[in-house]
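Asker: Return a 3D structure for these sequence lines:
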Amino acid sequence: MDGKSLNITEEKINQLKEILPEAFTENKIDWEKLKAALGDDIEFKNERYVLNWAGKSDAFRALQTPSTDTLVPCKDESVNFDSTGNVFIEGENLEVLKVLQKSYFGKIKMIYIDPPYNTGNDTFIYPDRFSESKEEYLNRIGDKDETGLMTREGLFRKNSKDSGHYHSNWLSMMYPRLFLARNLLRDDGVIFISIDDNEVHNLRLLMNEVFGEENLLAQLVWDLGTGTAAGHFTRAHEYIVVCAKDKNILPNFIYEGKDDSISERAVKKISKGNPASPITFPKGIEFEGEDTTFNNIIGDSEKISILEGKMVFKDGKLFNSVTLEAGWAMRNQILSWLSGEETFDSKGQKVKRFFFDKKGVLQYEKERGFINPQTVLRKIASTRKGTIEIEELFGRKVMDFPKPMQLINTLIGYVTKSRDADIALDFFAGSCTTAHAVLALNKENGGNRKFICVQLPEKCDVDSEAFKAGYKTIAEIGKERIRRVIKKIQEEQEGKLDLDGNGDQDLGFKVFKLKESNFKIWRTNIETEEELIAQMQQHLEPLDEHAKIEDVLYELLIKAGVPLTAKINEQNGYVLVNDNEIALMLERADDKIIKQIIAAKPQKVFTLDRLFKNNDKLKTNTALQMKDAGIEFKVI
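Answerer: Presented below is the predicted three-dimensional model:
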């Protein structure tokens, strides 16, 4: 309340900061960064406090170049494809994140990633030629061998510490992925990123640029217990950088562990500000001790006096009513609870019950509610435990030092609620510890959390245990791990009485693979009239001749912003999505099908132009009928 009217300029700047936090440096607009964020071709040259690196402009361009790729379903590699809400996507994660933008913008509650630490031995995608074009980059990362698997030579570059662009390469790889990841987070979403000493300093600066410095929640230290000798020290920890999408609206973390309540005294020392007063307690109130009788004065500094009746306890309960006088810590709450009303303490935490401890002092038990986790994670399993978890599932070590499930469980537990269908995303999924953690946590507390895991089909080394076991790629290991976890949970539940409400647990996952669009893409590098005529002839039929109808269905849904787990109901000649949200007519068009679709009253209808070939009258009439019915009609 400063007596002034609204500062319009300040309001606009705050709005811009919410939309484009990457355009601010030290809380002021960086005009060159703003121009770059909006797509202008710009180089960062001025001397000022800013994170800059060789290739940053290329990273912006990589981020801003739209993807035409799609995701195709692989039902034979999935489990319970038609009913599950879990997703595994096989493909290069930058392109996958772009494909997911419409369907999952602002829908992800929690992201965990374990990216390359840039130790000098990592191999990952980055433009090692900063002048290369988008087409050159895509051609390079798209190299495949005779079996269709991406090759290490075409896909990866080893980022040696001898490289003059050692840190720049890593930043160019991370920046566009983090930017796109932020778009996917809900406003109350949180991202966790594992990292070590090699890049933690640059990651902090990068997160400040993408998420805004004010949204940093913590830099957690994960105590590994034992470590590895490195230089002058034994490194026995890693870091986890934690950022919020919007710290101002993020609620406190909720505790949902097994020990979900805490107890405190319900009496205080009698004083002028807290005078003694009587309360009558009916028989039946719980007692945390052996059978006993108390007389006269109970307690020490917080005295309780017996005014009427006897304070007798039998079989863990107050045997008869009794009137007690004390300096009550929460008199109104006690009276409210005794009358059967829902009761909360002064901090808004729910009171579960009042009871007498073994000394006869009145206590109250409240739900754990909000927690403030420590920034040092101790007594949490190390990556060696992660290796053991893999060995127990596969019977051999098919992955070296994955993150342990307990670590991911802990992080998921901070920000998600068991009863909600919160989505956890991991786009450096590896062996899919995140998926394993979600399934295990849901089993433990009857949760409904979902996962989306993204992993590149990186080839396993021919000398590795994974390759010898028949797994050609890291993605294959991840998918098989999820299948084995599901099978294990199902076996544990067989013949077991469901007392925890876990019988309806989502034990499945949909597999999708990143592929080129089913529609022909217009080339922009045409140089001659002959090339232009040839391309126009080719695009008379926009759909690729090898395209499958089911693949086309999912591509249209993804590009219309429909989630991958949408409810799909195949009718006679058309498909209904999410009941009557969208209808798709993809195989044939006639008056009968059109009437059925209109009767279903969908909000939108998508169809292919080729279904109306040589029948402009039917196409025109269909458009008019849809308009009259208030249905949005799109012809592709």
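Asker: Need the three-state assignment for Leu34.
Answerer: Under DSSP: H, G, I helix; E, B strand; the rest coil, the three-state class of Leu34 is helix.
Asker: my bad, should have said Trp53
Answerer: For Trp53, the reduced secondary structure class is coil; criterion used: three-state DSSP.
Asker: Count the neighbours of it for me.
Answerer: Other residues near Trp53 come to 17 when the count uses other CB atoms under 10 Å. For every residue, glycine as well, the C-beta is placed using N, CA and C.
Asker: where does the stretch 51-200 of the chain dip in pLDDT?
Answerer: Counting by pLDDT under 70, the low-confidence segments of the stretch 51-200 of the chain come to 121-158, 160-164.
Asker: And the helices in it?
Answerer: Counting by DSSP state H, counting those that start in this stretch, the segments of the stretch 51-200 of the chain that form helices are 56-64, 93-104, 134-141, 152-155, 166-184, 200-211.
Asker: Go through those and name the closest to Lys397.
Answerer: Ranking those by proximity to Lys397 (CB to CB) places helix 152-155 first, at 21.0 Å.
Asker: do you know how far Asn202 is from Glu209?
Answerer: When CB to CB, to the nearest Å is applied, the distance between Asn202 and Glu209 equals 11 Å.
Asker: higher neighbour count, the two?
Answerer: Between Asn202 and Glu209, counting by other CB under 10 Å, Glu209 is the more crowded of the two (21 against 18).
Asker: Look up how far Phe179 lies from the more buried one.
Answerer: Separation of Glu209 from Phe179 (CB to CB): 9 Å.
Asker: any shared contact partners between these two?
Answerer: The overlap between the contact sets of Glu209 and Phe179 (CB atoms under 8 Å, 6 or more residues apart in numbering) consists of Glu22.
Asker: Same list (the helices of the stretch 51-200 of the chain) but as a markdown table, adding distance to Met311.
Answerer: Shown next, in a markdown table, are the helices of the stretch 51-200 of the chain (distance: least, CB to CB, whole Å):
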| stretch | distance to Met311 |
| --- | --- |
| helix 56-64 | 71 |
| helix 93-104 | 60 |
| helix 134-141 | 77 |
| helix 152-155 | 76 |
| helix 166-184 | 59 |
| helix 200-211 | 57 |
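Asker: mind showing which ranges of the stretch 251-400 of the chain have poor pLDDT?
Answerer: The model of the stretch 251-400 of the chain has pLDDT under 70 over residues 257-261.
Asker: where exactly do the strands run in the stretch 351-500 of the chain?
Answerer: Taking DSSP state E, counting those that start in this stretch as the test, the strands found in the stretch 351-500 of the chain are 351-356, 362-367, 370-371, 376-377, 423-426, 450-455.
Asker: can you list contacts of the third one?
Answerer: For strand 370-371, the surrounding residues in contact (CB under 8 Å, 6+ apart) are Asn252, Phe253, Ile254, Tyr255, Lys347, Gln349, Tyr414.
Asker: Need the buried ones from those residues selected in ChimeraX.
Answerer: Selecting just the buried residues from the contacts of strand 370-371 in ChimeraX takes one command, with 16 or more other CB atoms under 10 Å as the test:
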select :253,254,255,414
